[in-house]
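# Next one to model:
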Amino acid sequence: MLPVSDKASKLPILRPYQLKVVKEVYEKLSQGYRRVAIVAGTGAGKTVIAGQICAHTRARGFRLLFLVHLDVLVGQTYDKMRDFGLECGFIKAGWKEDPTAPIQIASVQTMLKRPWWQTWHADVILYDEGHTTIFSQVGQQLLYETHRKAVHLALTATPYRLGKEQLGDHMETLVASPIPSELQRMGFLAAMKYYGMPDPINLAGVRTIAGDFDERDLKHACDRPELVERVVKEWHRLTPDRRTIAFCVDVEHAQHVAETFRANHIPADTVDGNTPIKQRHKLYKSLRDGSLTVLTSCNVISIGFDEPSVEVGLLLRPTQSRALHQQQIGRVMRISPKTGKTHGIILDQAGNLQRLGFPEDIYGYRLPTSTEPDEPGVAPKKQCPACGRIVWASVMVCPECGHRWLEREEEIQTHELVEVVNESRELLELPDRAELIAFFHRLRQKCFREGLAPDFALRLFYDKHGLMPEDAWCLNSTFGNYPSVDEQRLYQRYLVTIAQRKGKSRSWMLSEFQKEFGAGDWQNLFPRSR
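Modelled structure (predicted):
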């Protein structure tokens, strides 16, 4: 056995923001909360955060039940527990049961068949993929029947889910890691490029069932030879020879995509729910070492797949679930210094980027409830007609190919703005009023997109033109003349985030909201200070 000091040196080292998340969880518990949601987006290190909480729980002599909803997650969770030097029992077919172990890793499916956990005392219950496990039959039993007095911690990459019932209906408060764009700035997530494919999937005949597109209808719409051929053609054009994963509608669709890649002399294979664990790991290793270039799947690699070297994600399954969408993109956002990966790339044939946006659209997290179930809206997007790259609507020069949109609008690059001194301000020729308003709108959109205070647009405008814009120019500047309810809510959360960061008052938030959307009774949208 290793000496104690050697064991300690082998323990995982948490990043500063991960330590902060753990600390904030304990602060919530000290305030009397017993049900805490922990949001850590894909790549933020959710499993490491969970492992640290488990280690602290065990060190204090408490017992913990760790719920997972996929078989593959049992092994991944156990690997992390071993990293922290923890002993575990299992409630899972094929794994050794030991009811005396202080930590139990449990599959919600197996728990239905082995009810001894109902009387097993647990001080802490940790729900992995909490937006799923909390809502399972077992999760509801633990919350409201068998373990009501325990501490309940729900881990998730996103607090939002399809359907009316939401995580906030069961959890009392929320602790969150930094948003994806902040993790990118810190260097913990890769920068991303997004492309839309020509000939997008026609969803005219696809029904919506239980909040998402019907899989049978998607099968007919997506699993078409001409569409699959186009996927391979665009992959060759944009991302040849890069490690790639593809998210497909069903197993047969995934197999057809892999077969078409192989027919074009690209090493490709498929993983599905029936692929044995050992074979899955073999495929993942082949992808890592480069002997396999493309791995296709249906759902299997959306959750629990962790291969940082993957550079390309093919979105081939249309969805209305932002949780699934962000999880899929997140598989490509991990950094991989060992392989020289500089950024991740998404090729989207499903139209999901236009429908659901980028992870960089996230400006903060909240705990949704059934009375306010809507997921946040997304900033408007457009696709470059020359190269296919998808960018925010306010961008006027494509960063990939240099294409300029036809409108006479200049690219905003605040880091290159410099002061211009004129001996006679009166001789300065200003653009006409319409051009000034359009420029100010682009500044407002940039501030919103990058999480900067809306006041910053005033400063940038003055630096450029030497005069202040009128307040009336703010109206409908960010989303256009017909903003949706989702966009209004997204802007409200943006203002709340800015106010919390800069110590702004509720009246400031209300004033800024009215500048953007006009006069109205918006009082109930903004929290009152406690």
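
# pretty sure residue 444 contacts residue 474?
Yes: here residue 444 reaches residue 474: they are 6.8 Å apart, a contact under CB atoms under 8 Å. Every residue, glycine included, has its C-beta placed from N, CA and C.

# which residue ranges form the strands in the stretch 301-450 of the chain?
For the stretch 301-450 of the chain, the strands defined by DSSP state E, counting those that start in this stretch occupy 312-315, 343-348, 381-383, 390-392.

# Partner strands of the longest one and their direction?
Looking back up the chat, that one is strand 343-348. The pairing partners recorded for strand 343-348 under DSSP bridges are strand 191-196 (parallel), strand 312-315 (parallel).

# Please state the offset of the first one from the chain centre?
Relative to its parent chain, strand 191-196 has a centroid offset of 14 Å by CA atoms, centre = their mean, to the nearest Å.

# Which element is encountered next along the chain beyond that strand?
Toward the C-terminal end, the helix or strand that comes next after strand 191-196 (DSSP states H and E) is strand 208-209.

# need the helices for the stretch 51-200 of the chain, in chain order.
Ranges of helices in the stretch 51-200 of the chain, per DSSP state H, counting those that start in this stretch, are 71-83, 108-111, 130-133, 137-141, 180-186.

# Would you mind checking which of these scores lowest on average pLDDT?
Across the helices of the stretch 51-200 of the chain, helix 71-83 has the smallest mean pLDDT, namely a mean of 84.

# Restricting to C-alpha, output that helix in CSV.
Output of helix 71-83 as CSV, limited to C-alpha atoms (Å, rounded to 0.1, in the frame of the first residue of the first chain):
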residue,chain,number,x,y,z
ASP,A,71,-25.0,1.5,-17.0
VAL,A,72,-21.8,3.1,-18.5
LEU,A,73,-21.9,5.8,-15.8
VAL,A,74,-21.5,3.2,-13.0
GLY,A,75,-18.0,2.4,-14.1
GLN,A,76,-17.1,6.0,-14.6
THR,A,77,-18.4,7.0,-11.2
TYR,A,78,-16.5,4.2,-9.5
ASP,A,79,-13.3,5.2,-11.3
LYS,A,80,-13.6,8.7,-9.8
MET,A,81,-14.4,7.3,-6.4
ARG,A,82,-11.2,5.3,-6.5
ASP,A,83,-9.3,8.4,-7.5
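
# Straight-line length of stretch 125-133, end to end?
End-to-end span of stretch 125-133 (CA to CA, to the nearest Å): 11 Å.

# What of stretch 91-105?
Using CA to CA, the span of stretch 91-105 from its first residue to its last is 6 Å.

# got the buried residues for stretch 112-121?
Buried residues in stretch 112-121, defined by neighbour count with 16 or more other CB atoms under 10 Å: 117, 120.

# pLDDT averaged over that stretch - what is it?
94.

# now, of the strands of the stretch 301-450 of the chain, which is deepest in the fold?
When these are scored by mean count of other CB atoms under 10 Å, the highest mean neighbour count falls to strand 312-315 (a mean of 25).

# how far out from the middle of the chain is that strand?
Worked out by CA atoms, centre = their mean, strand 312-315 lies 15 Å from the chain centre.

# Show residues contacting that strand.
Applying CB atoms under 8 Å, 6 or more residues apart in numbering, the external contacts of strand 312-315 come out as 231, 235, 239, 242-247, 257, 296, 325, 328-329, 331-332, 344-350, 352-353.
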